[in-house]
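Q: only the shape, not the letters, is given here:
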C-alpha cells in the first residue's frame, strides 16, 4: 500500500464506511457520470480503523475539523474557507495528516519495506 492508496481511502471514506456498515464487499458510487467501485478488503478496513484512531486521538480542534471535512468528501477549497489557515498552511497540515495515517498503516504491517524504499523522495 502506497501513500496514494491512503489518500484514495481518505477521499472515498464516506462511501467505504457506508458499504462496510451495510455489510457489502464493495463500495459503489458515481463521480460525474462514471461508476466507481472500491472492493472492501481487510487492508481497506484496517486503513479505516487507523483513520478513526487518528481522529479520536487528535487534540487540536481545527485539525479534527479539517480531517472530518476530508473524510466527508468535501473539496479542499470548502474546508479551507472554514479554517483560519493560509492555502500553504492548509496543504502542509493535510500532508501531515496523510503521513500520520500512513505511518499508522506501516505500524499495522500494511506497507512492506520494499514499498517504503521504492517511494520517491522528491517529486
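A: Yes, it's here. Only a predicted model underlies this, so the values are computations on that prediction, with no experimental measurement involved.
Q: hmm, residue 69 is touching residue 77, no?
A: No: using CB atoms under 8 Å, residue 69 is not in contact with residue 77, being 10.8 Å away. From N, CA and C alone the C-beta is placed, and that goes for glycine too.
Q: between those two, who's got more neighbours?
A: It is residue 69, of residue 69 and residue 77, that has more neighbours when counted by other CB atoms under 10 Å, with 17 against 9.
Q: look up the pLDDT of residue 10 for me, please.
A: As predicted, residue 10 sits at a pLDDT of 94.
Q: how about it: what's its closest non-neighbour residue?
A: Once flanking residues are discounted, residue 10 sits nearest to residue 70: 5.6 Å by CB to CB, 6 or more residues apart in numbering.
Q: the one you found belongs to a strand?
A: No: judged by DSSP: H, G, I helix; E, B strand; the rest coil, residue 70 forms no part of a strand; its state is helix.
Q: report the contact partners of it.
A: By CB atoms under 8 Å, 6 or more residues apart in numbering, the contact set of residue 70 is 10, 11, 13, 79, 94, 97.
Q: quick one, which of those are buried?
A: Buried residues within the contacts of residue 70, counting neighbours by 16 or more other CB atoms under 10 Å: 10, 13, 79, 94, 97.
Q: residues contacting the third one?
A: What it means is residue 79. 66, 69, 70, 90.
Q: ok, so of those residues, who is nearest residue 42?
A: Taking CB to CB as the measure, residue 70 is the one of the contacts of residue 79 closest to residue 42, at 22.9 Å.
Q: out of the contacts of residue 70, which sit inside helices?
A: If you go by DSSP state H, the contacts of residue 70 have 10, 11, 13, 79, 94, 97 in helices.
Q: please determine how far the residue lying farthest from the centre of the chain is located from residue 15.
A: The C-alpha centroid of the chain is most remote from residue 33, which lies 23.2 Å away (CA atoms, centre = their mean). Distance of residue 33 to residue 15, computed by CB to CB, to the nearest Å: 16 Å.
Q: same deal with residue 74?
A: With CB to CB as the criterion, residue 74 and residue 15 are 14 Å apart.
Q: next one: residue 24
A: 10 Å.
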